[in-house]
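> 3D, please:
(2 chains)
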Amino acid sequence: AQKITQTQPGMFVQEKEAVTLDCTYDTSDPSYGLFWYKQPSSGEMIFLIYQGSYDQQNATEGRYSLNFQKARKSANLVISASQLGDSAMYFCAMREGPNSGYALNFGKGTSLLVTP
Amino acid sequence: DTAVSQTPKYLVTQMGNDKSIKCEQNLGHDTMYWYKQDSKKFLKIMFSYNNKELIINETVPNRFSPKSPDKAHLNLHINSLELGDSAVYFCASSQDRLAGIHEQFFGPGTRLTVL
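Residues are numbered from 1 along each chain as shown, chains lettered A, B, ... in the order given. As a prediction, this is how the structure comes out:
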């Protein structure tokens, strides 16, 4: 069963606007971590932001913030003031406890296109 | 100073051949991984190694054999390559600890094309 669901295969946003990329997850492990990675067309995986399951506050990193709603099991990424360079694939991922070997389960990704 | 490096970056080979991809990390991390990204961009864990010991082996054909000579290296050897093995393979590493961020640092990827 898919543990991470990203329902938006593709998204468009105009430059300088904010955009929300959706992510829902499924786990019975009380301790887990949620990650967002960016993959530009050049192919590298770039870490953006992390949210731990016990963190009380939503994570923020510059223009990135994570809207963590634990009861809904959602971890949406918000990018404020979009830039052309934000055009890329965005992956939501979850790490469960030690028994999972700390491996990441990835969603299928959302392709974001920022237009001028 | 590359944190996680992989060689080669591109690998084109014929069906049936045996090939290896090398991975090295200079971050002092305990845990290393191999992920496969298919043509639809889906990333899936293949193997996880902690301190040179295999932790996870997902449903990967036994033609794939990871080898970890030391904590800093995790190589991937593939026997009898098939067309379906064509993909981008990412090596990653993270620090294994009980608390805190377990950010995984990814290598640049190796694009394998099997003809």
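
> where in chain B is pLDDT low?
Applying pLDDT under 70 to chain B flags the ranges B:1, B:96-101.

> That one against chain A: which residues are in contact?
B:31, B:33, B:35, B:40-45, B:48, B:50, B:55-56, B:88, B:90, B:92, B:94, B:96, B:98, B:101-106, B:108-109, B:111 (Cβ under 8 Å from any Cβ of the partner chain). C-beta here means a position set from N, CA and C on the backbone, and glycine is covered the same way.

> Quick one: buried ones out of those residues?
Neighbour counting by 16 or more other Cβ atoms under 10 Å in any protein chain shown classes B:31, B:33, B:35, B:43-45, B:48, B:50, B:55-56, B:88, B:90, B:92, B:94, B:96, B:101-106, B:108-109, B:111 among those as buried.

> Of those, which belong to strands?
Of these, the ones assigned to strands by DSSP state E are B:31, B:33, B:35, B:43-45, B:48, B:50, B:55-56, B:88, B:90, B:92, B:94, B:105-106, B:111.

> List the buried residues for stretch B:49-64?
B:Tyr49, B:Asn50, B:Ile55, B:Ile56, B:Val60, B:Phe64.

> Just want the phi and psi numbers for residue 42.
By default, I'm working from chain A. Torsion angles at A:Ser42 (phi, psi; degrees, to the nearest 10) stand at phi -70, psi -20.

> can you check A:Gly85 too?
Per degrees, to the nearest 10, the backbone of A:Gly85 is at phi -70, psi -10.

> Show the pLDDT at it.
pLDDT recorded at A:Gly85 is 97.

> what about it, neighbour count?
9 (other Cβ atoms under 10 Å in any protein chain shown).

> quick one, what contacts it?
A:Pro40, A:Val114 (Cβ atoms under 8 Å, 6 or more residues apart in numbering or on different chains).

> Can you pick out the most distant pair from the buried residues of stretch B:49-64?
Greatest spatial distance among these (Cβ to Cβ): B:Asn50 and B:Phe64, at 18.3 Å.

> for chain A, what spans make up the strands?
A:4-5, A:10-14, A:19-21, A:24-25, A:33-39, A:46-52, A:60-61, A:64-69, A:74-79, A:88-95, A:104-106, A:110-115.

> and the fifth one, what does it pack onto?
On a contact count with 3 or more Cβ pairs under 8 Å, 6 or more residues apart in numbering or on different chains; DSSP states H and E, strand A:33-39 meets strand A:46-52, strand A:64-69, strand A:74-79, strand A:88-95.

> how many neighbours does the residue nearest to A:Gln6 when sequence neighbours are not counted have?
With Cβ to Cβ, 6 or more residues apart in numbering or on different chains as the criterion, A:Gln6 has its nearest non-adjacent residue at 3.8 Å, and that residue is A:Gly107. Neighbour count of A:Gly107, defined by other Cβ under 10 Å: 24.

> So which of the helices and strands packed on strand A:33-39 is the most surrounded?
strand A:88-95 (a mean of 24; mean count of other Cβ atoms under 10 Å in any protein chain shown).

> Up against chain B, what does chain A have?
Contact residues, chain A versus chain B (Cβ under 8 Å from any Cβ): A:33, A:35, A:37, A:39, A:43-45, A:47, A:50, A:52, A:89, A:91, A:93, A:95, A:98, A:100-106, A:108-109.

> Brilliant, that's me finished.
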